[in-house]
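Undergrad: Sequence first, predicted model second:
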Amino acid sequence: MKLMVVNALAELRDLSTLSKEKLTDLVEIPKDSKLGDYAFPCFPLASKLKKSPVQIAQELAKAISKDCFDKVESSGPYVNFFISKSILVKQAIKNASKANFGKGKERGKILIDYSGPNVAKHFGIHNLRSTLIGHALYNILKFSGYKVRSINHLGDWGTQFGKLIVSYNMFGKKSKIEDIESLNKLYVKFHDCAEKDPKLEEKARLEFKKLESEDKENLRLWKLFLKISLKEFNKTYKILGIKFDQTKGESFYRDKIDNVFELLKKNKLVEESEGAMVVKLSGEKPPLIVKKSDEASTYATRDLATIFERLKEKPSKILYVVDVAQSLHFEQVFEVVGKLGIDTDKLVHVKFGRLKFPDSQMSTRKGNVILFEELLSKAKEEIIKIIKDKNPELKDKDKVAEHVALSAIIFHDLRNFRTHDIIFDWSSALSFEGRSGPYILYTYARASSILKKSNSKKGNSEFEDIHEKEFQLAKKINEFPEMISKSARDYSPSTLSEYSYELAQMFNEFYHACPVIGDKNEGRRIALLQAFCKILATSLDLLGIAPVKEM
């Protein structure tokens, strides 16, 4: 466990000026296990101590207390630590039993804005990525000690509603508008017609302006579109097991837009450009339009109003989990906020890359929109085939298949660092082997099965003759707090995802090398398995995946 090494180093007088955080960053895991479990490089100390790194390493190795280590030795400019196997295994079991293991101390407040689907449109894959990454970060940051509030900022205002209203008046009155499919068809029809009659675009702008002026009929239609959309979105959130602390759309801030515009004018940031009002920005960034030529508000103005309202809560950070395509938009908005003298370090665009499918294999009757429900349905179809082959006697196959399919989709997304584009690979995502959700769930079920069969009162519970695979599993369990901390610091669910995979992998190596039931060390190994199951279940839960005990 790295903390053992850090604590041992922190006691040394020569390292007294280095904080535990700095020491933690410096301590490494050697690529070759023959060089120890952890290594401390002495290069950074050379100039201060006026000695060579090799000499410093030799002196530190002699001075370090050996209480928790089988041995500590120098190797060139490194101090190598060989942790006591018995102490580490005992500590892993003890740590995992603590309710607060891995949890951070109470910290500041974080607002996290994610999901944010557009009203009257299908819940697509781009919404799914924001939802999964945002929800995982919400869980991880909360576990790390922050007071976190999740916000679903719906796209429920803007010119697209003018388009919908025009299309409804042209086609919708003749048919019943009762689901998201109906609304989507109206939107598609508008664009088909606008290609032949460009004047419809101007008509849509006028209808949106009427909506902003609170025209009764347009408000009635807007409320209908919103109600239908929320019903559809909530179905998806229920499947994903996600609830938001706050669901508010852009429309909530519409009565605050004039105040934003007046504030920008008061600070002499606004100027006219081709009839619109804009704020000029640094470098090659285009100016930010804050009011259109017809005096309608813009997406940017509404985002500014939203930021000012959120800042009243005095958060330490406001995170926006939004597609990388919106990078310029957030750069522009954040710069305008900075021009008003507000600390923009509080504002973070947690960007993510695109999810793509090879050869458009998931294209549907809705054109290029890839729907979450279709993705889940196809994944479930494939998983149920595998389950019937692997465990034909399994009860509730259909229910288990849907759960495993969902885990496959979530893990396939979160295992990649969020800024990377992802090519969705069915064989990789649904595999029961390797870096996948089904593999990890199957591993958890396998460990649970051993626990169910065991009588842990039998066998030796002493911590002697520790097998190397027991030691490696215990070592991985003890890394849990460090992985939580790194995931929170980097806004990176992929760190915890990778840790979950490595932990599962370590268990499987242990499973093949170390008998449990009936072994003389059954008591100790069962305790280690209980620790493993708890940490893996916690990791999966933070990622938004519920473990299953039977597959």
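TA: That came in fine, so what should we check first? Residues are numbered from 1 along each chain as shown.
Undergrad: Wait, a strand at residue 547?
TA: No: counting by DSSP: H, G, I helix; E, B strand; the rest coil, residue 547 is located in no strand; its state is coil.
Undergrad: Near it, how many other residues are there?
TA: A count of nearby residues for residue 547, using other Cβ atoms under 10 Å, gives 20. C-beta: built from backbone N, CA, C; applies to glycine.
Undergrad: is it true that it touches residue 540?
TA: Yes: assessed by Cβ atoms under 8 Å, residue 547 is found in contact with residue 540 at 5.2 Å.
Undergrad: Are there residues contacting both of those two? Which ones?
TA: Common contact partners of residue 547 and residue 540 (Cβ atoms under 8 Å, 6 or more residues apart in numbering): 441, 444.
Undergrad: Give the other helices and strands that the strand or helix carrying residue 226 contacts.
TA: For residue 226, the element it lies in under DSSP states H and E is helix 216-240. Counting contacts by 3 or more Cβ pairs under 8 Å, 6 or more residues apart in numbering; DSSP states H and E, helix 216-240 packs against helix 125-143, strand 147-154, helix 159-170, helix 180-196, helix 199-212, helix 372-390, helix 397-414.
Undergrad: residue ranges for the strands of the protein, please.
TA: 38-41, 69-75, 78-83, 109-113, 147-154, 246-249, 270-273, 276-279, 288-291, 317-323, 347-352, 355-356, 422-423 (DSSP state E).
Undergrad: chain center to the longest one, what's the gap?
TA: Yep, that's strand 147-154 we're talking about. For strand 147-154, the separation from the chain centroid amounts to 14 Å (computed by Cα atoms, centre = their mean, to the nearest Å).
Undergrad: Show me where this protein dips below the pLDDT cut-off.
TA: Along the chain, segments meeting pLDDT under 70 span 174, 359-369, 455-461.
Undergrad: Repeat the analysis, applying 50 as the threshold.
TA: Residue ranges of the chain with pLDDT under 50: 361-367, 459.
Undergrad: Domain map for it?
TA: Domain segmentation of the chain under automatic domain parsing yields 2-83, 159-240, 254-313, 380-543.
Undergrad: among those domains, which is nearest residue 113?
TA: With respect to residue 113, and counting by Cβ to Cβ, the nearest of those is domain 254-313 at 8.4 Å.
Undergrad: From the chain's centroid, how far away is that closest one?
TA: With Cα atoms, centre = their mean, you get 31 Å for domain 254-313.
Undergrad: Same question for stretch 240-250.
TA: On Cα atoms, centre = their mean, the centre of stretch 240-250 falls 15 Å from the chain's centre.
Undergrad: got the contact list for that stretch?
TA: Residues outside stretch 240-250 that contact it (Cβ under 8 Å, 6+ apart): 115, 119, 131-132, 135, 149-158, 226, 230, 237, 299, 302, 306, 406, 410, 544, 546.
Undergrad: List the buried residues of that stretch.
TA: Within stretch 240-250, the residues that count as buried by 16 or more other Cβ atoms under 10 Å are 240, 242, 244, 247, 248, 249, 250.
Undergrad: Out of those, which comes closest to residue 346?
TA: Nearest to residue 346 among these is residue 248, at 19.3 Å by Cβ to Cβ.
Undergrad: partner residues bridging the closest one?
TA: Note on residue 248: beta-bridge partners by DSSP bridges are residue 153.
Undergrad: And residue 41, by the same measure?
TA: residue 78.
Undergrad: who touches the residue minimising distance to the centre of the chain in this structure?
TA: What sits nearest the mean C-alpha location of the chain, by Cα atoms, centre = their mean, is residue 133, with 2.9 Å. By Cβ under 8 Å, 6+ apart, the residues touching residue 133 are 114, 321, 350, 352, 413, 414, 418, 493.
Undergrad: Distance check, it against residue 544.
TA: 10 Å (Cβ to Cβ, to the nearest Å).
Undergrad: list residues touching both of these two?
TA: residue 414.
Undergrad: which residue packs closest to residue 510, ignoring adjacent ones?
TA: residue 469 (4.2 Å; Cβ to Cβ, 6 or more residues apart in numbering).
Undergrad: I'd assumed residue 516 was in contact with that neighbour.
TA: No: judged on Cβ under 8 Å, residue 469 makes no contact with residue 516 at a distance of 11.6 Å.
Undergrad: now residue 277, nearest residue through space, not along the chain?
TA: Nearest to residue 277 is residue 291, by Cβ to Cβ, 6+ apart, at 4.1 Å.
Undergrad: same deal with residue 296?
TA: Sequence neighbours aside, residue 209 is the residue nearest to residue 296 in space, at 5.1 Å (criterion: Cβ to Cβ, 6+ apart).
Undergrad: Who are the contact partners of the one you found?
TA: Residue 209 neighbours (Cβ under 8 Å, 6+ apart): 162, 294, 295, 296.
Undergrad: what's the answer for residue 495, then?
TA: Per Cβ under 8 Å, 6+ apart, neighbours of residue 495: 483, 486, 487.
Undergrad: for residue 348, same thing?
TA: By Cβ under 8 Å, 6+ apart, the neighbours of residue 348 are 317, 318, 319, 320, 491.
Undergrad: if you set the cut-off to 6 Å instead, what comes out?
TA: 317, 319 (Cβ atoms under 6 Å, 6 or more residues apart in numbering).
Undergrad: And residue 305, by the same measure?
TA: If you count contacts by Cβ under 6 Å, 6+ apart, residue 305 has them with 253, 256, 257, 260.
Undergrad: Buried only: go through those for me.
TA: Counted by 16+ other Cβ under 10 Å, the contacts of residue 305 give 253, 257, 260 as buried.
Undergrad: tell me, how many neighbours does the closest residue to residue 84 other than its chain neighbours end up with?
TA: Once flanking residues are discounted, residue 84 sits nearest to residue 70: 5.2 Å by Cβ to Cβ, 6+ apart. When neighbours are defined as other Cβ under 10 Å, residue 70 has 15 of them.
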